[in-house]
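**Student:** Show me the folded form of this:
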Amino acid sequence: MPQPLEPTLAALPNPALRYFAATRPAFLSVTFVGCLLGLATATVSGIRLDPALATLTLFFALVAHAGANVINDYYDALSGCDSANTERVFPFTGGSRFIQNGVLTVRATGVFGYALLAAVVPAGLYLTAVSDGGLIWIGLAGLIVGWSYSAPPLKLQSRGLGEFGITAGWLLVVVGSDFVQRHGFSFTPVAAGLGFALLVANVLYINQFPDVKADASAGKRTMVVRLGVQRARWGYTLITLLTYGWVVAMVATGMLPWLALASLLAAGASVGALRILWRHAAEPTQLVPALKLTILAASLHGLLLAGALVLSR
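**Tutor:** Alright, predicted model coming up:
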């Protein structure tokens, strides 16, 4: 039975709008922020940005993220965890519900997801040609992470490794966006991007709490399933501490300008989410504010840091 606000075929009669909505566009914002952060690290290094390349990078990074979202829905439908999820907190957890509510078939979802990932390849080859050959490895690693997060045989999330995959994936977004402009590797986007990527991992991590029963019943052994909701609260705490500790360390060592400390303002949202999680880890409906605050923390941190880098030029 669909919950309020969940997609239905009657609400999405237009096929184009239907497929667009299946990508979960509201959640693509973290990739947008990651690309902006990568462009900012190039700017602070004195590189003059190429607007056309920046736009192409941003667009296809969003397409890759959209493909990963759809692929995740496809494999979660095959495993049965989304169908079993009666404690989901839509739209944050339990998948997009396009398959479960009869908006798209399992096959159509799978074909669409793989088509989106395939569409990134020609753009990646073009950007490699106009930038540097090293970009091919960044792009390949990003596609592998996006696919293997959900898909067998790796199924990173089901093996309790999803947070590592997400951290790597969004760090690659920052590094790749910088690389296209810089035409080479630099530690600067790593210094700026790792904390942001960890906060994105926290978004996926906290989303596992409402889904823990459904995931466990389907054999999806996420980190929260493995630890149990009470012990798993420490995981969110650790990721949060690593994030802001990394920023302080990078400023202290001169890898980031002192204005980068402005990004620590996002810690307020992280701490707010953490307090709610510690009180209501086993109560899915009570976690909604924490889910929102976690997304806010990632986006705000990335935007503040990007702005600080540009102003420090």
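**Student:** so who does the residue positioned nearest the centre of the chain touch?
**Tutor:** Most central in the chain under C-alpha atoms, centre = their mean is V200, positioned 5.2 Å from the mean C-alpha point. For V200, the contacting residues are V30, G34, I166, T167, W170, A298, by C-beta atoms under 8 Å, 6 or more residues apart in numbering. To be clear about C-beta, it is placed using only N, CA and C from the backbone, and glycine gets the same treatment.
**Student:** how much space is there between it and L39?
**Tutor:** With distances taken as C-beta to C-beta, to the nearest Å, V200 is found 17 Å from L39.
**Student:** next one: F20
**Tutor:** Taking C-beta to C-beta, one finds F20 at 25 Å from L39.
**Student:** one step back: let's have the contacts of V200 in JSON lines, adding secondary structure, distance to V180 and pLDDT.
**Tutor:** Shown next, in JSON lines, are those (DSSP: H, G, I helix; E, B strand; the rest coil; distance: C-beta to C-beta, whole Å; pLDDT from 0 to 100):
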{"residue": "V30", "secondary structure": "helix", "distance to V180": "19", "pLDDT": "97"}
{"residue": "G34", "secondary structure": "helix", "distance to V180": "13", "pLDDT": "98"}
{"residue": "I166", "secondary structure": "helix", "distance to V180": "22", "pLDDT": "97"}
{"residue": "T167", "secondary structure": "helix", "distance to V180": "21", "pLDDT": "98"}
{"residue": "W170", "secondary structure": "helix", "distance to V180": "16", "pLDDT": "98"}
{"residue": "A298", "secondary structure": "helix", "distance to V180": "22", "pLDDT": "98"}
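**Student:** Only the buried members of these: can you turn that into a PyMOL selection?
**Tutor:** Only the buried entries of the contacts of V200 go into this PyMOL selection, using 16 or more other C-beta atoms under 10 Å:
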select buried, resi 30+34+166+167+170+298
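**Student:** Export the contacts of V200 to TSV and append columns for distance to V229.
**Tutor:** Supplementary listing: those in TSV, determined by distance: C-beta to C-beta, whole Å:
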residue	distance to V229
V30	24
G34	29
I166	19
T167	22
W170	25
A298	22
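**Student:** And the residue nearest to the centre of the chain, what's its pLDDT?
**Tutor:** V200 carries a pLDDT value of 98.
**Student:** Spatially nearest residue to it (excluding sequence neighbours)?
**Tutor:** W170 (4.4 Å; C-beta to C-beta, 6 or more residues apart in numbering).
**Student:** Also S217?
**Tutor:** Using C-beta to C-beta, 6+ apart, the closest residue to S217 is A84 (5.1 Å).
**Student:** So that neighbour is in contact with A214, correct?
**Tutor:** Yes: the criterion here is C-beta atoms under 8 Å, and A84 meets it with A214 at 4.4 Å.
**Student:** Compare the two (neighbour count), which wins?
**Tutor:** A214 (24 against 19; other C-beta atoms under 10 Å).
**Student:** and the residue nearest to N202 when sequence neighbours are not counted, what is it in contact with?
**Tutor:** Leaving out its chain neighbours, the residue that sits closest to N202 by C-beta to C-beta, 6+ apart is I239, at 4.8 Å. Applying C-beta under 8 Å, 6+ apart to I239 gives the contacts E163, L198, L199, A201, N202, Y205.
**Student:** Lovely, talk soon.
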